[in-house]
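Asks: Sequence and computational prediction follow.
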Amino acid sequence: MTENTRFHLLISGRVQGVLFRQHARAKALELGLTGWAKNLLDSKVEIVIEGEKANIEEFLKWAKQGPQLARVENVEIGKEGYTGEFEGFVIREFGF
């Protein structure tokens with residue numbers, strides 16, 4: 001039996017203007033994960049990700065590095081209760 005989990009990430013550094021959200025979506029889909037990513041006004045990227053625990057752990061490792069042009073300085077990680085509410089992984093417009 002697989003264990004599903006959910007995490008809320010706030011990623012800071014040079015993470016906007018480097019296609020971070022698009023790469024996060026591609027990585028999430030590759031791993032069979034669901035959720036969303038959006039840019040925040042404070043230059044962070046916010047991600048909510050759900051899925052199988054082992055795949056989430058791989059995504060978290062990726063998020064700490066990010067895509068090639070990014071420079072991740074910090075990743076705040078909060079564990080949340082799994083809801084299964086997402087059907088895919090979407091890029092949301094600028095968040096407030």
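Replies: Good, I have the coordinates. If you're wondering where the values come from, they're calculated on a predicted model, not measured in any experiment. Residues are numbered from 1 along each chain as shown.
Asks: element containing Val18, please.
Replies: Counting by DSSP states H and E, no helix or strand carries Val18.
Asks: quick one: contacts for it?
Replies: 66-67, 69-70 (Cβ atoms under 8 Å, 6 or more residues apart in numbering). The C-beta positions use only the backbone N, C-alpha and C, and glycine is treated the same way.
Asks: Determine which two of the residues you listed are furthest apart.
Replies: Gly66 and Leu69 (8.3 Å; Cβ to Cβ).
Asks: More neighbours: those two, which one.
Replies: More neighbours surround Gly66 than the other of Gly66 and Leu69, with 22 against 12 (other Cβ atoms under 10 Å).
Asks: and that one, what pLDDT?
Replies: pLDDT for Gly66: 96.
Asks: what sits against it?
Replies: Applying Cβ under 8 Å, 6+ apart, the residues near Gly66 are 11, 13, 15, 18, 20, 23, 72.
Asks: ditto for Thr2
Replies: By Cβ under 8 Å, 6+ apart, the contact set of Thr2 is 52-53.
Asks: switch to 7 Å and redo it
Replies: Glu52 (Cβ atoms under 7 Å, 6 or more residues apart in numbering).
Asks: now do Leu33
Replies: Taking Cβ under 7 Å, 6+ apart, we find Leu33 in contact with 49-51, 55-56, 59, 89.
Asks: Find the nearest non-adjacent residue to it, please.
Replies: Counting by Cβ to Cβ, 6 or more residues apart in numbering, the nearest residue to Leu33 once its immediate chain neighbours are dropped is Gly51, at 3.8 Å.
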